[in-house]
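Participant: Provided below are the primary sequence and the corresponding predicted coordinates.
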Amino acid sequence: MEQPEGYTVPRKGFWVWRLKKGLYGLVQASRAWDEQLNSHVVNEGLAATPKDPAVYVKHTWDSEDFRRRRIPG
């Protein structure tokens, strides 16, 4: 590793700096994505199964569930 250009310290160019926080929040990015996905799926009326929280089921259905919806984007 090297000190970034513009942040070099005279006579300490051999020092390596330790990060106190992950870059761009990458450490928690997957957790944040999972929480957002879970929130959306639960709002759509599905529930995570007790044995595998990555599997969702819907317990009740109505005619609105079978109508074609336009996906935004």
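Facilitator: Done, it's in. Numbers count the residues shown, from 1 in each chain.
Participant: Helices along this structure, start to end?
Facilitator: Assigned by DSSP state H, the helices in the chain fall at 26-43.
Participant: now it, which segments are flagged as low pLDDT?
Facilitator: Residues of the chain meeting the criterion pLDDT under 70: 1-4, 17, 19-27, 65-66, 68-73.
Participant: mind listing the strands for it?
Facilitator: Assigned by DSSP state E, the chain shows strands spanning 47-48, 56-57.
Participant: Distance to residue 29 and mean neighbour count added to those strands, as CSV?
Facilitator: The way it works is simple: take the backbone N, C-alpha and C, and place the C-beta from them, glycine included. Shown next, in CSV, are the strands of the chain (distance: least, Cβ to Cβ, whole Å; neighbours: other Cβ atoms under 10 Å):
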stretch, distance to residue 29, mean neighbour count
strand 47-48, 21, 14
strand 56-57, 22, 12
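Participant: Kindly reformat the ones you listed as JSON lines containing distance to residue 37.
Facilitator: JSON lines is the format used below for the strands of the chain (distance: least, Cβ to Cβ, whole Å):
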{"stretch": "strand 47-48", "distance to residue 37": "11"}
{"stretch": "strand 56-57", "distance to residue 37": "10"}
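Participant: now for those strands, which one comes closest to residue 32?
Facilitator: Across the strands of the chain, residue 32 has its closest neighbour in strand 47-48 (17.5 Å, Cβ to Cβ).
Participant: I'd say residue 56 and residue 48 touch.
Facilitator: Yes - at 5.7 Å, residue 56 and residue 48 qualify as touching, with contact defined as Cβ atoms under 8 Å.
Participant: So residue 46 is in contact with residue 55, correct?
Facilitator: No - in this structure residue 46 lies outside contact range of residue 55 using Cβ under 8 Å: 9.7 Å.
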